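In: Build me a model:
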Amino acid sequence: MTNPNLKDAIKALSEALINEEQIEGATGDLPNAPNIETTDQNLSLPELYQQLSIPSLAESVLFTSKLDGATGAIFNIKKNDEGDGIVLLRNDVEVYPSKPIKSEITTEAVEDIMKQFGINGVKSISEVLRGLSNDDKNTKLLEFLQLHAVKEDETLQLTSSNAKDTYFELTKRIAKSVLSMNTKGVKTYRASIILPYELASIVMGYTDNFAKNLPSTTTYYVGGNELHDFYINPIATDKNIYIILNDKYTQGKSAGVFAPYQDEIKVSVDPESGQPVYFIFNRFAMGISPLHTVDDPSIKSFTFVGE
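Out: Model (predicted):
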């Protein structure tokens, strides 16, 4: 006959092992969040959406930091230019209110896809919805850069047809801009650069270790080196190169902050069709560093005029 105490001990041990596996497989900010690669078929579309980590371009080129409360501000300190001591600087962030983005995907459609394709089908839908959310963030980012970037008069025209020399021309020109933003006081030599399609192809096509690929999950990352990460501009016709000081380790040295507040999907009845439809609710903020001024910028841009 089996010892009842032994049965209870085995049961307790099994439960403990299951809990450890859930913790080890967790992703995201939520405690014991399920791992979408190993989860069962019962995970819902909102849960899958929350677990996906596909950073937008805005989250990649600005320092990402959660701010408390409905509004926030960025603080920094600098040496007093007019005397001894330091001064406290502040810039308010701009909060972009959440507006529902209709996905056109009904709960009935998700149920059908789940039955036919399982969890992988619902994961694909989640990735598409995350892309819609990122599009909204990226639109606001490019408006933010156009507003704050100090435009350089000197343009870029590549003179070489050799891959290595072309890459060197590009990186040398970018390094010149980065250095110029540190001449009145060192901020950081680390930067994120947004390139037009033609220039992004140079970075993507140059495979030498000098242009090594850094690990990144963002859709727009195309390569980089120890100090500079390169991203492609989602607007194919934009010829501007944006250089954004971005120290991923220290917020105070970066040109700006991206602050996520809300990014989720919910079911609501579409007034036109009467069907339960998934809507995306996306609320976030962006702010420019108080250290950024026209005379001492932390974001610059210049125009690429061709080869």
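In: CA only for contacts and neighbour counts going forward, please
Out: Will do.
In: mind listing the helices in the protein by residue range?
Out: Assigned by DSSP state H, the helices in the chain fall at 4-24, 45-51, 57-61, 107-117, 119-148, 163-180, 197-205.
In: list the helices and strands the fifth one packs on?
Out: Yep, that's helix 119-148 we're talking about. Judged by 3 or more CA pairs under 8 Å, 6 or more residues apart in numbering; DSSP states H and E, helix 119-148 is in contact with helix 45-51, helix 57-61, helix 107-117, strand 276-288.
In: what does the longest one rub up against?
Out: The reference is to strand 276-288. With contacts defined as CA atoms under 8 Å, 6 or more residues apart in numbering, strand 276-288 is touched by 73-74, 91-107, 129, 133, 148, 255-270.
In: highest average neighbour count across the helices and strands packed on helix 119-148?
Out: helix 57-61 (a mean of 24; mean count of other CA atoms under 10 Å).
In: For that one, give the mean pLDDT please.
Out: The predicted model assigns helix 57-61 a mean pLDDT of 92.
In: Report the backbone C-alpha coordinates of that helix in PDB.
Out: The C-alpha coordinates for helix 57-61 follow below in PDB (Å, rounded to 0.1, in the frame of the first residue of the first chain):
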ATOM      1  CA  LEU A  57      12.100  52.800 -33.900                       C
ATOM      2  CA  ALA A  58      11.200  55.300 -31.200                       C
ATOM      3  CA  GLU A  59      12.100  52.900 -28.400                       C
ATOM      4  CA  SER A  60      15.400  52.000 -30.200                       C
ATOM      5  CA  VAL A  61      16.900  55.500 -30.800                       C
END
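In: Columns distance to Phe304 on top of the helices and strands packed on helix 119-148, output as JSON lines?
Out: What follows is those, written out as JSON lines (distance: least, CA to CA, whole Å):
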{"stretch": "helix 45-51", "distance to Phe304": "37"}
{"stretch": "helix 57-61", "distance to Phe304": "20"}
{"stretch": "helix 107-117", "distance to Phe304": "45"}
{"stretch": "strand 276-288", "distance to Phe304": "25"}
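In: Which of those sits closest to Phe230?
Out: The minimum distance between Phe230 and the helices and strands packed on helix 119-148 falls on helix 57-61, with 9.2 Å, by CA to CA.
In: ok, Ser192 touching Ser254?
Out: No - if you go by CA atoms under 8 Å, Ser192 and Ser254 don't touch, sitting 10.0 Å apart.
In: Mind checking which of the two has more residues around it?
Out: For Ser192 versus Ser254, the count of surrounding residues by other CA atoms under 10 Å is larger for Ser254: 28 against 25.
In: Tell me who's in contact with the nearest residue to Val150 once chain neighbours are set aside.
Out: With sequence-adjacent residues excluded and distances taken as CA to CA, 6 or more residues apart in numbering, Val150 is closest to Lys300, at 4.7 Å. Contact analysis of Lys300 by CA under 8 Å, 6+ apart lists Ala149, Val150, Lys151, Glu152, Ser177, Tyr242, Ile243, Ile244.
In: Can you pick out the most distant pair from these?
Out: Glu152 and Ile244 (13.6 Å).
In: Name the residue in these two with the higher neighbour count.
Out: Applying other CA under 10 Å to Glu152 and Ile244 shows that Ile244 carries more neighbours, namely 27 against 11.
In: State the pLDDT value of that one.
Out: On the pLDDT scale, Ile244 is placed at 96.
In: Then Thr107?
Out: For Thr107, the model assigns a pLDDT of 87.
In: contacting residues around it?
Out: So Thr107 contacts Val267, Pro276, Val277, Tyr278 (CA under 8 Å, 6+ apart).
In: Can you tell me, leaving aside adjacent residues, what's nearest to the first one?
Out: When the adjacent residues along the chain are set aside, Val267 lies closest to Tyr278, with 4.6 Å between them (CA to CA, 6+ apart).
In: what's the answer for the second one, then?
Out: Nearest residue to Pro276, sequence neighbours excluded (CA to CA, 6+ apart): Val269, at 4.3 Å.
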